[in-house]
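Colleague: Need coordinates for the below:
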Amino acid sequence: VMLAARVEAWAQEYEQRGMQKGMQQGMQQGIQQGIQQGMQQGKAEILLRLLERRFGQVPPHIEALLAQADIPLIEAWTDRLLDARTLEDIFTH
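Modeller: Numbering: from 1, shown residues only. Below you'll find the model as predicted:
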């Protein structure tokens, strides 16, 4: 009986440790995703602002592209901004 109780206590202890470790890993992943999403949104907002200063009102479909793009793509578009004569020059490569 004592051995069975001891084994049960160990099982509960290991289950608790596993749950805590899983929660910590989940929190870390959530934080990383939040940081990435914040960086993406910030870069997209900056590019939108630069586009508006250079070309005026930006069409809604371009704003939608910016909102959905990943960071490397936003950075590529930002690099093209300096040489572009039109919005199409930036987004059609």
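Colleague: drop to CA atoms for contacts and neighbour counts, all remaining ones
Modeller: Noted.
Colleague: Quick one: the strands in this structure, in order.
Modeller: Counting by DSSP state E, the chain has no strands to list.
Colleague: Now do the helices in it.
Modeller: Using DSSP state H, the helices of the chain run over 2-55, 60-68, 71-81, 87-91.
Colleague: where does the protein have its least confident helix or strand?
Modeller: Ranked by mean pLDDT, DSSP states H and E, the helix or strand of the chain with the weakest confidence is helix 2-55, at a mean of 90.
Colleague: how distant is that helix from the center of its chain?
Modeller: Here helix 2-55 shows a centroid-to-chain-centroid distance of 12 Å under the convention Cα atoms, centre = their mean, to the nearest Å.
Colleague: Need the winner for burial among the helices of the chain.
Modeller: helix 71-81 (a mean of 16; mean count of other Cα atoms under 10 Å).
Colleague: what's next to that helix, contact-wise?
Modeller: For helix 71-81, the surrounding residues in contact (Cα atoms under 8 Å, 6 or more residues apart in numbering) are 39-40, 43-44, 47, 51, 66, 89-91.
Colleague: average model confidence for it?
Modeller: Regarding helix 71-81, the rounded mean pLDDT is 96.
Colleague: how far does it sit from the chain's center?
Modeller: 16 Å.
Colleague: Ok, stretch 58-76 next?
Modeller: Offset of stretch 58-76 from its chain centre (Cα atoms, centre = their mean): 14 Å.
Colleague: OK, contacts around the residue lying closest to residue 84 once chain neighbours are set aside?
Modeller: Spatial nearest neighbour of residue 84, chain neighbours left out: residue 90 (6.1 Å); criterion: Cα to Cα, 6 or more residues apart in numbering. Taking Cα under 8 Å, 6+ apart, we find residue 90 in contact with 77, 80-81, 84.
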